[in-house]
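Provide a 3D model corresponding to the input given below.
(one chain, ligands or ions: 1)
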Amino acid sequence: MTDRHDLPPGFRWGVATAAYQIEGAAREDGRGPSIWDTFTAREGTVRDGHTGDTACDHYHRWHEDVALMRGLGVDAYRFSIAWPRVQPTGQGAVNGAGLAFYDRLVDALLDAGIEPLPTLFHWDLPQALEDGGGWLERDTAYRFAEYAAVVADRLGDRVRSWITLNEPFVHMVYGYALGNHAPGRALLLDALPVAHHQLLGHGLAAAELRARGGAVLITNNLTPVRPASGSAEDLAAAEAYDTLHNRLFNDPVLLGSYPDLSAFGVSADLGGAVRDGDLELIAAPLDGLGVNYYNPTLITAPADPGLPFADAPIEGVPRTAFGWPVVPDGLRELLVGLRGRYGAALPPVTITENGCSYPEDLDDQDRISYLSTHLDALAAAAAEGVDVRGYFTWSLLDNFEWAEGYHQRFGLVHVDFDSQKRTPRASYAWYRDLIARHHTLHARRVH
Ligand code: IFM
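The predicted model follows:
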């Protein structure tokens, strides 16, 4: 039987983080305010009033964190660049000290034999851009491309691959439709232009990155959608949810068209947001699709007619501390389904996030079990012909988990947020040994 040890030669092992969740130093060295600074300062937005002001203090402790990664033996590190560190107001003037931080980090990673894989936007929009309408405004897409060019000019001699956006679905839904993430707007379906403007930003930025010789990925948070029953109503509801969560962000990028949004009463041009030529830009060929997988979604017909679907609980499976269902085979189902849907239009896939939150314990058997079963599922997808190139555990460190503050612990490394002491968990040693075994099996590299 196929398992995680059968992942292909050349497969890249990594860990992932994001700037606002780990860096801290929110007001240092010329960094401008981001929407998350504004949001967390507002009472009642984040559990227990936590903020990312200090987070894991990675801005000062990055040496230690690179050493932790070197100890793991990872091939690559996915981190994000804070746009407001590079351009404090999101356009124009560049903050040299901010860029210099990432410059040093990239050099240190390369010295440690670790490939840097930066994400350009992991939700921390400069507040000044939000003041002008944020991703509801088309102009933000052009500002994003300008920022991508600035970063690539500085780091592109050493960074080979870039991820443009992280989880544009989550940013649109939580940030602009429901308001439980920054910028805290609750526009429901009026948030849909945010999907298009982020994707346009991806397309414009991709052109800048490519012009500088970079390879380009986008990371979508995807979920296999299961209907709660075989009834026509549940099937229609599941299709509507799949359209919103998965197809709205995959189809334009992979097929050059938006899916049919009529179940939401929305026109094909997303309320006038889509202009001539946009889809050609958005659909420029990708070097890879980044997939973040956490769990499948069970969908039922709605009791009231506000939206064309409702969530149903998945019963009979274990749950993480966050309450998320643990369904490893959902990863195989998702990837095989993607290949079925997009065929030759699906580029190689990298799992850019997968992981789980569990309590403080250092004896970390639940996390090891979560990771190992998901990697087995990934190997099964590869055995079924899906071209998978890498896997990044979320996350290297316990960190600021958005609206949950520091309450959800996703790290291979435990962080004491009072002392900032890092302590590797049992899952760290387990992952290190797994990576070493894979490297030895394929005699690929020795750290
Ligand atoms: O912490 C987040 C990350 O920022 C985006 N993907 C999901 C993770 C866990 O919720």
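
interface residues of the stretch 251-400 of the chain facing the ligand?
Contacts of the stretch 251-400 of the chain with the ligand, taken as CB under 6 Å from any ligand atom, map to 292, 353, 394. Using the backbone N, CA and C atoms, a C-beta is placed for each residue, glycine as well.

which of the residues you listed count as buried?
292, 353, 394 (16 or more other CB atoms under 10 Å).

Just list whatever residues bridge to the last one.
Meaning Trp394. On the basis of DSSP bridges, Trp394 is bridged to Ala16.

List the residues that contact it.
15-16, 292, 353-355, 410 (CB atoms under 8 Å, 6 or more residues apart in numbering).

Closest to Phe169 out of the residues you listed?
Asn292 (9.8 Å; CB to CB).

Which members of the contacts of Trp394 occur in strands, if any?
Of the contacts of Trp394, the ones assigned to strands by DSSP state E are 15-16, 292, 353-354.

Return the residues of the stretch 1-150 of the chain in contact with the ligand.
Residues of the stretch 1-150 of the chain lying near the ligand (CB under 6 Å from any ligand atom): 18, 21.

how much space between the residue of the stretch 1-150 of the chain found nearest the ligand and Thr219?
Proximity of the stretch 1-150 of the chain to the ligand (CB to the nearest ligand atom) peaks at Ala18, 4.9 Å away. According to CB to CB, to the nearest Å, Ala18 and Thr219 sit 11 Å apart.

same deal with Ser262?
28 Å.

and what of His50?
Taken as CB to CB, the span from His50 to Thr219 is 25 Å.

Those two - which one has more neighbours?
Ranked by neighbour count (other CB atoms under 10 Å), His50 and Thr219 place Thr219 first, with 27 against 20.

The more buried one falls within a helix, correct?
No. Applying DSSP: H, G, I helix; E, B strand; the rest coil, one finds Thr219 to be strand, outside a helix.

Val216 should be in a strand, yeah?
Yes. Val216: assigned to a strand according to three-state DSSP.

what bridges to it?
Going by DSSP bridges, Val216 forms beta bridges with Trp162.

Just the buried ones from the contacts of Trp394, in ChimeraX syntax?
Restricted to buried positions by 16+ other CB under 10 Å, the ChimeraX selection for the contacts of Trp394 reads:
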select :15,16,292,353,354,355,410
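
Next, format the contacts of Trp394 as a markdown table and append distance to Asn399.
A markdown table is the format used below for those (distance: CB to CB, whole Å):
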| residue | distance to Asn399 |
| --- | --- |
| Val15 | 12 |
| Ala16 | 10 |
| Asn292 | 15 |
| Glu353 | 12 |
| Asn354 | 16 |
| Gly355 | 11 |
| Phe410 | 7 |
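
Provide a list of residues in contact with the nearest residue to Arg12 once chain neighbours are set aside.
Counting by CB to CB, 6 or more residues apart in numbering, Arg12 lies nearest to Gly390, which is 3.4 Å off, once chain neighbours are set aside. If a contact means CB under 8 Å, 6+ apart, then Gly390 has 11-14, 75-76, 350-351 as its contacts.

Return the distance of the host helix or strand of Gly390 from the chain's centre.
Assigned by DSSP states H and E, Gly390 falls within strand 388-394. Mean C-alpha position of strand 388-394 versus that of the full chain (CA atoms, centre = their mean, to the nearest Å) differs by 12 Å.

Quick check: next helix or strand after that strand?
Heading C-terminal from strand 388-394 (DSSP H and E), you reach strand 413-415.

What residues sit buried inside the helix or strand that comes right after that following strand?
Sequence-wise, the next helix or strand downstream of strand 413-415 (DSSP H and E) is strand 422-424. For strand 422-424, a neighbour-count test (16+ other CB under 10 Å) marks 422, 424 as buried.

For strand 422-424, the averaged confidence score.
Strand 422-424 shows a mean pLDDT of 98.

which residues does whatever residue of the stretch 201-350 of the chain ends up closest to the ligand bridge with?
When distances are taken as CB to the nearest ligand atom, the stretch 201-350 of the chain reaches nearest to the ligand at Asn292, 5.3 Å away. On the basis of DSSP bridges, Asn292 takes part in beta bridges with Asn221, Glu353.

Look up the pLDDT of the residue nearest to Arg12 for me, please.
Reported pLDDT for Gly390: 98.
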